[in-house]
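Chemist: I need the structure of the sequence given here:
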Amino acid sequence: MKNESTEERSERIIESLNEKYPDKKVYDLDGRGLHFVAEIEPVDEHPEFDRAIEVIIESIPHKHLKMTQQYTILSGDLEFHIDDHVLHFHTGDKFTVKPGTVHWGKSENECYAEIYSTPGWTKEDHIKVN
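Modeler: Residues are numbered from 1 along each chain as shown. Purely as a prediction, here's the structure:
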């Protein structure tokens, strides 16, 4: 896997998520091949919450005005940037991101995380920050 191209890695991750979560929507969140989502309990079924499995190699700094997100690290390590702080999370760790908090993460390899959001994730509430 060390010699994988971005495209090969993306295909492998998406295929793995599709195998693990059949009949769920799986996609590359921002088209860069660095952040993937499998919608386990999608917001369109119940707007008050959603649950997703994400594979994070590097996410883009962003915030949510309404949504609280509860993370559980399923496997891997995550360097998590939250406002002006850098935190390090490992398999089994849990943490919460409150509305209005700028956050993003990166992993040396691939970090698998379960993310439970209330209310459910919407494109309008996912605000990129420079």
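Chemist: and Ile56, what element?
Modeler: Ile56 belongs to strand 50-58 when elements are defined using DSSP states H and E.
Chemist: sheet-wise, list the partners of the helix or strand of the chain with the lowest mean pLDDT with their directions.
Modeler: Ranking every helix and strand in the chain by mean pLDDT, DSSP states H and E puts strand 127-128 at the bottom, with a mean of 94. In the sheet, strand 127-128 lines up against strand 62-63 (antiparallel) (DSSP bridges).
Chemist: how far is the partner strand from where the chain is centred?
Modeler: Here strand 62-63 shows a centroid-to-chain-centroid distance of 12 Å under the convention CA atoms, centre = their mean, to the nearest Å.
Chemist: what does that strand rub up against?
Modeler: Outside strand 62-63, the residues that touch it by CB atoms under 8 Å, 6 or more residues apart in numbering are Pro99, Gly100, Thr101, Val102, His103, Trp104, His126, Ile127, Lys128, Val129. In short, each C-beta sits where N, CA and C put it, glycine included.
Chemist: which of those has the most neighbours?
Modeler: Using other CB atoms under 10 Å as the neighbour test, the contacts of strand 62-63 are led by His103, with 20 neighbours.
Chemist: look up how far His46 lies from that residue.
Modeler: 24 Å (CB to CB, to the nearest Å).
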